[in-house]
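1. what would the 3D arrangement of this be:
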Amino acid sequence: MKPRVLGKQVKQAKKKPAKPAARPARKSTRAKATRPSADATALELAHRLALNSFADEVLEECSRDKMSLRATLDRFLPAVAARLGADAGLVWTRDEQLALECYESGRWSDDDRAALSRDTIRPAARAADGRRTIIAQPLDVAGRRVGVAAFAFKGNRLADSDTLAARVDIVCEQFDDVLASIQQAGFKQELILRLQQALKNMVFDRGVDDAVSALGKAIPLRDLVLIYQDDAGGGSVSYRIYRNGVCTHAPESRPHKHLHELIEREGPALLDHSRAKIAPVLGIAGALESVLISGLSTRALGKILATADNGLSTFGLDLLRVFAECVSQRLVDYNRERRHLSQFFGPAVINELLQDPSYTETYLSPRTEEVALIYADINSFTKISEQILHDPGKIGRFVDRWSAGAVDILWNNGGVFDKMVGDCVIGIFGPPFFRTTPRQRITAAVKASREILAFTIGLQSDPELAPIAASPVVPGLGVAVGLNLCPASVGLFGPNHDFTAFSSGMNATARLQSLAGFREILIMDSARAALGDLAAPIRDARFEGPLESPVKNVARPLQYHRLSFPSRP
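-> Residues are numbered from 1 along each chain as shown. The predicted structure follows:
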């Protein structure tokens, strides 16, 4: 083991033994010092060299045994104190969890402990009991004070305090390396906690902003770019660009023209490991690039690009990796949350919900409101499946395409997708914000029913579905629709937190839909009354009725109207 300390002084002792070594720069507590002889200087340097080697060996053993800071100091302090000729040793510093702790060997009074815990300490002073001399030294890592070390010597040793202080300094130099690794680990853990706390913000963008700010205080970043995939937006790619910790570009506030165009061309493929196209578009040279990957798969969640004016140290790179891991986990949670909401709401509604940290309590908790309902069922679906399409794959593709189109129509008209029962799509108008009137809700439901019917008929032009229109088994593709306006309890229900509605009106609407024939839309009499004088966009609607029909499990016959339009929307 090669000792590290004493550089110039050791060389001077070997090459020029007759010349005394320079005295330490530490301020002496003695009124007048006597210049040591050359032999005394050489002997002192040899003593310090041995002390340096001894302290290094003790710490090496502790490191080899993978000891904690407390266990290390329990071994180090008494051993070094004995080597120094001191009868007690003490260290104030922060432990692995960055909690301030006092470690000691030998006897220390409360007054002495308190004096050594202050921001300003005396390098040499008499102990509180007057029987010992305390030599204290600040501990620092990269110029940053991280604690204090002190040793107590019997009697009045102020006369040789410079010599004792130089020896204590050697011990502290060795111990600084131990503290450096602990402080870096603790600093890293502290940053992780700050990042996790920031990313707990239910509003994703705000949480990332706070996390970038925390990272910027830890390492000197100039540029940071986060590009990520939105699982609920059809795989769309979003981004946030930061300069000196401040967000300068984002799609919803200040889009970056060239990056936006690149995303339009490349899509999610831009997140691939081999695609290094982002930095040139942004004009960022020498950017460090990290792909964000979920621990459960190799699929890219996003990318981080970062630059620093003077580059990053190994520790800085480690902190950047910590940031990437924290953001990756937040993206997993963010996309899980968006995927859950996307079962019911369109992208625009999801974006608005997620801007409110308490959106679940504010908008999605169960509440009773008057809502418009739509039940849309494919005409003759059983016959189409069994006698025309036959192949399960074709049937599945047909249902998947039709339901996706119907749900998009619901969303585009301000509706919520409740659920799909068999081949029947159920929609609710009003939630989650309830900013519209009951009349506006049923108007939107009527408009959506018209568009769903037109969309369904249009699917006959698909080559795979063309046999349906040509078959004598059914008259073509169509839907049977039931519309209603009624009070319902609406919100998240059940163990899976599904957004749905409950009321007797839901059952009545399902019965009404079952009465509808080929390409027929039926609307409850109460809903028709709520429409009043027709206005755009359903001014051309025609109503036949009122009609009445008894149905199973409903006490009174249903009163309704048959709704038609002279032309497609």
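
2. pull the longest strand from this protein.
-> In the chain, assigned by DSSP state E, the strand with the most residues is strand 479-493.

3. list the buried residues in that one.
-> Across strand 479-493, burial judged by 16 or more other Cβ atoms under 10 Å covers V479, A480, V481, G482, L483, N484, L485, C486, A488, V490, G491, L492. Placement of C-beta: from N, CA and C, glycine included.

4. let me have the residues you listed in CSV, extended by pLDDT.
-> Shown next, in CSV, are the buried residues of strand 479-493 (pLDDT from 0 to 100):
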residue, pLDDT
V479, 97
A480, 97
V481, 98
G482, 98
L483, 98
N484, 98
L485, 98
C486, 97
A488, 97
V490, 97
G491, 97
L492, 97
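
5. and those residues, which is closest to A125?
-> Nearest to A125 among those is L492, at 66.5 Å by Cβ to Cβ.

6. roughly how far does the closest one sit from E44?
-> Plainly put, L492 is 77 Å away from E44 if you go by Cβ to Cβ, to the nearest Å.

7. re earlier: what packs against the longest strand of the chain?
-> strand 367-378, helix 438-458, strand 498-502, helix 504-515, strand 520-524, helix 525-531 (3 or more Cβ pairs under 8 Å, 6 or more residues apart in numbering; DSSP states H and E).

8. relative to A165, which of the ones you listed is closest?
-> strand 498-502 (71.2 Å).

9. can you list the strands that that closest one pairs with?
-> Paired strands of strand 498-502, with direction, are strand 479-493 (antiparallel) (DSSP bridges).

10. please export the C-alpha coordinates of the strand it pairs with as PDB.
-> Output of strand 479-493 as PDB, limited to C-alpha atoms (Å, rounded to 0.1, in the frame of the first residue of the first chain):
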ATOM      1  CA  VAL A 479     -77.200  -0.300 -36.200                       C
ATOM      2  CA  ALA A 480     -80.100  -0.200 -33.800                       C
ATOM      3  CA  VAL A 481     -79.900   2.800 -31.500                       C
ATOM      4  CA  GLY A 482     -81.700   3.700 -28.300                       C
ATOM      5  CA  LEU A 483     -81.400   7.300 -26.800                       C
ATOM      6  CA  ASN A 484     -82.500   8.600 -23.400                       C
ATOM      7  CA  LEU A 485     -82.000  11.500 -21.000                       C
ATOM      8  CA  CYS A 486     -82.300  10.500 -17.300                       C
ATOM      9  CA  PRO A 487     -80.800  10.900 -13.800                       C
ATOM     10  CA  ALA A 488     -78.000   8.500 -13.100                       C
ATOM     11  CA  SER A 489     -75.200   7.900 -10.600                       C
ATOM     12  CA  VAL A 490     -72.000   8.400 -12.600                       C
ATOM     13  CA  GLY A 491     -68.400   7.900 -11.700                       C
ATOM     14  CA  LEU A 492     -65.700   5.300 -10.900                       C
ATOM     15  CA  PHE A 493     -67.200   2.100  -9.500                       C
END
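
11. still on that earlier bit, tilt between the longest strand of the chain and strand 520-524?
-> Counting by axes from the mean of the first three to the mean of the last three Cα atoms, to 10 degrees, strand 479-493 lies at 50 degrees to strand 520-524.

12. and the strands in the stretch 101-250 of the chain?
-> For the stretch 101-250 of the chain, the strands defined by DSSP state E, counting those that start in this stretch cover 124-126, 132-141, 144-154, 223-230, 236-243, 246-249.

13. was I right to think A276 contacts E289?
-> Yes - using Cβ atoms under 8 Å, A276 is in contact with E289, at 7.0 Å.

14. and the two? Which one has more around it.
-> Between A276 and E289, counted using other Cβ atoms under 10 Å, the more crowded position is E289 (15 against 12).

15. that one and Y228, how far apart?
-> 14 Å.

16. anything in contact with each of these two?
-> K303 (Cβ atoms under 8 Å, 6 or more residues apart in numbering).

17. quick check, M420 in a helix?
-> No - the assignment for M420, made by DSSP: H, G, I helix; E, B strand; the rest coil, is strand rather than a helix.

18. what sits against the residue nearest the centre of the chain?
-> Taking Cα atoms, centre = their mean, the centroid of the chain lies closest to R330, which sits 2.6 Å from it. Contact analysis of R330 by Cβ under 8 Å, 6+ apart lists L199, F204, G207, V208.

19. nearest to V371 among these?
-> Using Cβ to Cβ, the contacts of R330 come closest to V371 at F204, 29.1 Å.

20. still on that earlier bit, need the strands of the stretch 101-250 of the chain in CSV (columns: mean neighbour count and distance to A406).
-> Converted to CSV, the strands of the stretch 101-250 of the chain look like this (neighbours: other Cβ atoms under 10 Å; distance: least, Cβ to Cβ, whole Å):
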stretch, mean neighbour count, distance to A406
strand 124-126, 19, 84
strand 132-141, 22, 63
strand 144-154, 20, 63
strand 223-230, 23, 22
strand 236-243, 19, 21
strand 246-249, 15, 36
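
21. identify whichever of those strands lies nearest to L98.
-> Closest to L98 of the strands of the stretch 101-250 of the chain is strand 144-154 (Cβ to Cβ; 10.0 Å).
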